[in-house]
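> This is a predicted model, with the sequence first.
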Amino acid sequence: MKNNILILGNRDSVFVSNFALEIEKQDYSPQILDLERWEITSSNGTLLQKFFPPLVILARIPKIGYRLKLIFIRRMLSTLRGHYQICHIHYNLKIYADLASSISRITDRLVVSVWGSDFFRMGSAAREAQKKIYNRADLITFLTTQTMQTFNDYYSGRYADKTKILRLGLKPLEYIDDIRSENPHEIRSHFGIDNNALIIACGYNGTEAQNHKTIIQSIQSVHSKLPKHSLLLFPMSYGDEKHILTVKKLLEQSSLSHKIITGFLSDEDIARLRTISDIFINIQSTDHLSGSLLEHLYAGSIVISGRWLPYEILDDRGVFQLYIDKPEQIGKKLFETMSKLESYKIKAASNPNIVSDVSRWSVNIVKWDQAYSLLLNNKSNKLIDFKE
C-alpha cells in the first residue's frame, strides 16, 4: 500500500509540483495543500478537496483577520489527521510557526524543507518563532551546505542532528537536452534575434533584485569597447511592472543594443533562451541556488556571478564561472570576458556534467525516497548521512 504524503506548499511552484510528480514515481501518494487556495490537489493538479476560508471582508480586518484565518486553517487541518504518513512543508512560511501544533498533529512524521530565502529574509523575531515548527520536525532539509551551516550556527546546533542536504531536481534540464538538436538560427529567429548577435542574458526576471539598473549603467560605460554585434537580453516574463518600465526607459535612453522579453514563456522557450545565450550575468542581491543559474551552466553559457552569492557547492565540484566582488564591476568584467570568450567556453565544457549530477531529478529523488523510508520505518529517527 502506498504511503500518503501531504505537501504544504504553493502548488504553482514548479519545484513543488515536480517534487510531487517525482516522489509519486517512487511509490508514494502525494497530495498538495495550498493554504492560499484552500485546496488539496493531486500531483497532476486535480482538485481533491476544497475548503472555505473566512469571508473576505472579515479577513481584511487588521490583526483580527489574521487570527480568524488561523482559526479556520486549524479547523481545516484537524480534518486531515490520520490520512497521511508524512507531512512535508516546502518553503517555511512565517504562518507555519503559528500553526505548528496543528501541523504536527496531522501525522507522526514532519519534514521541513528550507529553500533559502525563507530563512535568510526572516528577522530575528520570526526566526525565534519558527522554533515551534523546527522543534516538531523529524527532518529539516536544505539545498546548500552553506545555508544549512548558517542555520545551525544561528540555532547553536540545536537541530544539527536532523538537518540534511536534500536537493530538488530541475525539470528544465530535460527540455534543454531536447532543444540541443534544434537549429540555433531558427531559435534566434523565433525570438526575433539576429543570427550573428552575441547574446548577453541579464538576469532572469523583472525584479529589482536582479540589479538591472547597475548592469545597464556599468555596461554603458564600456559600450564602445564591446563587439558591435553584442546584444543585451532581458528576460522579464514575470516580476514588478514598475521596475520593468524603469528598465525599459533606461535602455531606450542608452546606446545599448538590447531586447526585452515579457509575457508568458513555456518551459521549452525558457530552455531555448538558455541555449542561445553566450553569456549570463547573474549578480542578483541574494540567492540560494537558482534554477536559472544552473540551467545556463548546463546549457553552456559563460556565467558571471556575484562573489557574495552562496555557490560553494558548485565551486567545490569544479564548476567554471567568473566572479565580481561588486555589481558595479560588471561592465569591466564583461569586456574582459569578451576577449577570452573562446578559451572560457573550453573551460566551461565540463559544467553540464557537473550540474547534471547536482540537479537531475533522477539523482535527487532517490535520496528523498531513502529519507522518507527511514522516517517511516526507523523509530529511532536516525537518518543516514547523505554524502555530498
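Arrived safely.
> show me where the chain has strands.
Taking DSSP state E, the strands of the chain run over residues 3-8, 28-34, 39-42, 47-50, 86-90, 110-114, 139-142, 163-165, 198-202, 230-235, 258-261, 279-282, 302-306, 322-324.
> pretty sure T163 is in contact with F142, am I right?
Yes - look at T163 against F142 with Cβ atoms under 8 Å: they come within range, at 6.6 Å. The way it works is simple: take the backbone N, C-alpha and C, and place the C-beta from them, glycine included.
> Can you give me the neighbour number for P62?
Other residues near P62 number 6, with proximity taken as other Cβ atoms under 10 Å.
> Can you give me the pLDDT of it?
Per-residue confidence (pLDDT) for P62: 74.
> measure it to G123 for me?
From P62 across to G123, the span is 19 Å (Cβ to Cβ, to the nearest Å).
> what's the answer for G65, then?
For G65, the distance to G123 equals 22 Å [Cβ to Cβ].
> So between these two, which is more surrounded?
Neighbour count, other Cβ under 10 Å: between G65 and G123, G65 has more, with 16 against 9.
> Not counting its neighbours along the chain, what's nearest L231?
A197 (4.1 Å; Cβ to Cβ, 6 or more residues apart in numbering).
> a markdown table please, covering the strands of the chain and showing mean neighbour count.
Below are the strands of the chain laid out as a markdown table (neighbours: other Cβ atoms under 10 Å):
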| stretch | mean neighbour count |
| --- | --- |
| strand 3-8 | 22 |
| strand 28-34 | 21 |
| strand 39-42 | 18 |
| strand 47-50 | 11 |
| strand 86-90 | 25 |
| strand 110-114 | 25 |
| strand 139-142 | 24 |
| strand 163-165 | 19 |
| strand 198-202 | 23 |
| strand 230-235 | 22 |
| strand 258-261 | 17 |
| strand 279-282 | 27 |
| strand 302-306 | 22 |
| strand 322-324 | 19 |
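> can I get those in JSON lines with mean pLDDT?
Formatted as JSON lines, the strands of the chain follow (pLDDT from 0 to 100):
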{"stretch": "strand 3-8", "mean pLDDT": "97"}
{"stretch": "strand 28-34", "mean pLDDT": "97"}
{"stretch": "strand 39-42", "mean pLDDT": "96"}
{"stretch": "strand 47-50", "mean pLDDT": "95"}
{"stretch": "strand 86-90", "mean pLDDT": "97"}
{"stretch": "strand 110-114", "mean pLDDT": "97"}
{"stretch": "strand 139-142", "mean pLDDT": "96"}
{"stretch": "strand 163-165", "mean pLDDT": "95"}
{"stretch": "strand 198-202", "mean pLDDT": "98"}
{"stretch": "strand 230-235", "mean pLDDT": "98"}
{"stretch": "strand 258-261", "mean pLDDT": "97"}
{"stretch": "strand 279-282", "mean pLDDT": "98"}
{"stretch": "strand 302-306", "mean pLDDT": "97"}
{"stretch": "strand 322-324", "mean pLDDT": "98"}
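> Of these, give the one that comes closest to D316.
Closest approach to D316 among the strands of the chain is made by strand 163-165 (12.3 Å; Cβ to Cβ).
> partners of that closest one, with directions?
Strand 163-165 has the following strand partners under DSSP bridges: strand 139-142 (parallel).
> Export stretch 153-168 to CSV, keeping only CA atoms.
Extracted in CSV, the C-alpha atoms of stretch 153-168 (Å, rounded to 0.1, in the frame of the first residue of the first chain):
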residue,chain,number,x,y,z
ASP,A,153,25.1,28.3,13.6
TYR,A,154,22.2,30.6,14.2
TYR,A,155,20.4,28.0,16.4
SER,A,156,23.6,27.0,18.1
GLY,A,157,23.5,23.4,16.7
ARG,A,158,20.1,22.7,18.4
TYR,A,159,18.8,21.0,15.3
ALA,A,160,22.0,19.7,13.8
ASP,A,161,21.2,16.0,14.3
LYS,A,162,18.1,16.3,12.0
THR,A,163,19.4,18.7,9.3
LYS,A,164,20.3,17.2,5.9
ILE,A,165,21.2,18.3,2.4
LEU,A,166,18.5,17.1,0.1
ARG,A,167,18.1,18.9,-3.2
LEU,A,168,15.3,19.4,-5.6
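> Pull out the buried positions in it.
Buried residues in stretch 153-168, counted by 16 or more other Cβ atoms under 10 Å: Y155, Y159, K162, T163, K164, I165, L166, R167, L168.
> related to what we said a few turns ago, export the strands of the chain to a markdown table and tack on distance to V222?
Output for the strands of the chain, formatted as a markdown table (distance: least, Cβ to Cβ, whole Å):
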| stretch | distance to V222 |
| --- | --- |
| strand 3-8 | 47 |
| strand 28-34 | 46 |
| strand 39-42 | 49 |
| strand 47-50 | 53 |
| strand 86-90 | 42 |
| strand 110-114 | 39 |
| strand 139-142 | 38 |
| strand 163-165 | 39 |
| strand 198-202 | 12 |
| strand 230-235 | 10 |
| strand 258-261 | 15 |
| strand 279-282 | 13 |
| strand 302-306 | 13 |
| strand 322-324 | 13 |
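> Of the ones you listed, which is nearest R360?
strand 163-165 (15.5 Å).
> Check the offset of stretch 313-321 from the chain's centre.
Distance of stretch 313-321 from the chain centroid (Cα atoms, centre = their mean, to the nearest Å) equals 18 Å.
> in the chain, which residue is closest to the centre?
Nearest to the mean C-alpha position of the chain, by Cα atoms, centre = their mean, lies S290 at 4.8 Å.
> is it true that that one touches N205?
No - counting by Cβ under 8 Å, S290 stays clear of N205, with 9.7 Å between them.
> which residues do T163 and F142 both contact?
Residues touching both T163 and F142 (Cβ atoms under 8 Å, 6 or more residues apart in numbering) are M148, F151.
> which residues of the stretch 51-200 of the chain score low on pLDDT?
For the stretch 51-200 of the chain, the stretches flagged by pLDDT under 70 are 55-59.
> what are the ranges of the helices in it?
Secondary structure of the stretch 51-200 of the chain (DSSP state H, counting those that start in this stretch): helices at 56-59, 64-78, 95-98, 100-104, 117-120, 124-129, 131-136, 145-154, 172-179, 184-190.
> Appreciated, that's everything.
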